[in-house]
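Undergrad: model this:
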Amino acid sequence: MARTAATVAFRQNDGVSSQRPSLVATDVDGTLIDKSEQVSDRTRAAVHAVVDSGTPFVLATGRPPRWISPVVEQLGFAPLAVCANGAVLYDSATDRVLSAAVLRADELAWVAEVAAAVLPGCGLAAERVGESAHDAATPQFVSAPGYEHAWLNPDNTELAEHEVIAEPAVKLLVRLADATSREMAEAIAPKLHGLVDVTYSTTNGLIEISAAGVTKASGLRELARHLEVPDDRIVAFGDMPNDIPMLSMARHGVAMENAHPDAKSVADEITATNDEDGVARILERWWQ
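TA: Numbers count the residues shown, from 1 in each chain. Next up is the predicted model:
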């Protein structure tokens, strides 16, 4: 396993930590919820045990704030959330965006130009954010006519491509349905020279681009500072490449059995799948 020394320090010889984490952070899709997008009874009970103990439980997801409410309803409480792969900190209890790191319009235009050259035929979409998850004054997901949606029932506003990139966004999505996400990321990342962050949370021809240095790790680190929790007291769960920075940053990073191989490679531990209550199985070590 990666980072063996840290893992040993965090856990007893029998695999159970002698000291509870001070913060729990988890990805949502493929991790906290099952394939039918449900929070199981066992997982909900484990999360409530964490919260009832006074330990902060936060979501860290690629989802935008407006997609947090279904998770809140199933959990039965409203956690703080790191959204849009770290670009947005969101308080679901008050429906308030606490902070947002954006790509400027000139950065979006540059990335779009590079994408058109490196990934011909790709479509573009952008996530924007207002003061709340449902800010009616801000069209929050805008897509160009050539963008082929990666999920059913998208809540998008279609604009001309130049309008999609005309205003700051927390995330630019680049879609090429006949490629894999890895192929896209490997093709475009060298051309962007580290001036923006490139990742992906699905293998189906979709990459997600944020401002430089913005990852789930940066967002979680900011939230942990707000909660006065050091990095070495965090346990984090994830399953895809966009979770890698967070799994690497946390004292104990846990990947799901169903996780992408790259996420597994940086994890301190592999738990059961999201359909087998993998998150709950780990939390139950400390909270019964």
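Undergrad: spatially speaking, which residue is in the middle of this protein?
TA: With distances taken as CA atoms, centre = their mean, the chain has T61 as the residue nearest its mean C-alpha position (2.7 Å).
Undergrad: what sits against it?
TA: Listed by CB atoms under 8 Å, 6 or more residues apart in numbering, the contact partners of T61 are 27-29, 68, 81-83, 85. Glycine gets a C-beta too; all of them are placed from N, C-alpha and C.
Undergrad: Now intersect these with the helices, please.
TA: Among the contacts of T61, none falls in helices (DSSP state H).
Undergrad: Can you pull out the residues in contact with the biggest helix by length in the chain?
TA: Here the longest helix in the chain is taken by residue count, with DSSP H as the criterion, and it is helix 105-118. Outside of helix 105-118, the residues that reach it under the criterion CB under 8 Å, 6+ apart are 103, 122, 124, 126, 161, 164-169, 172, 174, 187-188, 191-192, 195-196, 209, 211.
Undergrad: how close does the residue nearest to the centre of the chain sit to M246?
TA: Computed as CB to CB, to the nearest Å, the T61 to M246 distance reads 10 Å.
Undergrad: go on, A46?
TA: Between A46 and M246 the distance is 19 Å, computed by CB to CB.
Undergrad: So for those two, which sits in the more crowded spot?
TA: Under the neighbour definition other CB atoms under 10 Å, A46 and M246 were set side by side, and M246 has more, 29 against 23.
Undergrad: give me phi/psi at the closest residue to L283 other than its chain neighbours?
TA: The shortest distance from L283 to any residue that is not its chain neighbour, by CB to CB, 6 or more residues apart in numbering, is 4.2 Å, and that residue is A46. The phi and psi values for A46, taken as degrees, to the nearest 10, are phi -70, psi -40.
Undergrad: filter the contacts of T61 to the buried ones?
TA: Burial by neighbour count, judged by 16 or more other CB atoms under 10 Å, picks out 27-29, 68, 81-83, 85 from those.
Undergrad: closest to A224 among those residues?
TA: Each of the buried ones among the contacts of T61 was checked against A224 using CB to CB; the closest is V82, at 9.8 Å.
Undergrad: you'd agree the closest one is up against G219?
TA: Yes - distance between V82 and G219: 3.8 Å, which falls inside the contact criterion (CB atoms under 8 Å).
Undergrad: which residues are common contacts for those two?
TA: 60, 88-89.
Undergrad: and these as TSV, adding pLDDT, secondary structure and neighbour count?
TA: Listed next are the shared contacts of V82 and G219 as TSV, based on pLDDT from 0 to 100; DSSP: H, G, I helix; E, B strand; the rest coil; neighbours: other CB atoms under 10 Å:
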residue	pLDDT	secondary structure	neighbour count
A60	98	strand	30
V88	98	strand	26
L89	98	strand	23
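Undergrad: Redo those as a markdown table? Include distance to Q19.
TA: Below are these laid out as a markdown table (distance: CB to CB, whole Å):
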| residue | distance to Q19 |
| --- | --- |
| A60 | 22 |
| V88 | 31 |
| L89 | 27 |
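Undergrad: So which of those residues is the closest to R233?
TA: A60 (15.5 Å).
Undergrad: Report the contact partners of the closest one.
TA: Each residue near A60 by CB under 8 Å, 6+ apart is listed here: 25-27, 81-82, 86, 216, 219-220, 236, 238, 243, 246.
Undergrad: got a pLDDT number for G130?
TA: On the pLDDT scale, G130 is placed at 92.
Undergrad: let me fix that: M1
TA: The confidence metric pLDDT takes the value 38 at M1.
Undergrad: Also the one 10 residues further on?
TA: According to the per-residue confidence, R11 scores 40 in pLDDT.
Undergrad: going forward, begin numbering at 26 instead of 1
TA: OK, 26 is where the count begins now, so the last one is R36.
Undergrad: For stretch 223-234, give the mean pLDDT please.
TA: Confidence over stretch 223-234 (mean pLDDT, whole number) is 97.
Undergrad: Pull out the CA atoms of it and give them to me as CSV.
TA: What follows is stretch 223-234 as a C-alpha-only set of coordinates in CSV (Å, rounded to 0.1, in the frame of the first residue of the first chain):
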residue,chain,number,x,y,z
VAL,A,223,-7.1,18.7,-15.4
THR,A,224,-8.9,15.7,-14.0
TYR,A,225,-11.8,13.4,-14.6
SER,A,226,-14.5,11.6,-12.6
THR,A,227,-15.8,9.3,-15.3
THR,A,228,-14.0,7.2,-18.0
ASN,A,229,-16.6,8.1,-20.7
GLY,A,230,-14.9,10.9,-22.6
LEU,A,231,-15.2,13.8,-20.2
ILE,A,232,-12.5,15.9,-18.6
GLU,A,233,-12.9,18.6,-16.0
ILE,A,234,-10.7,21.7,-15.8
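Undergrad: Cool, thanks, talk later.
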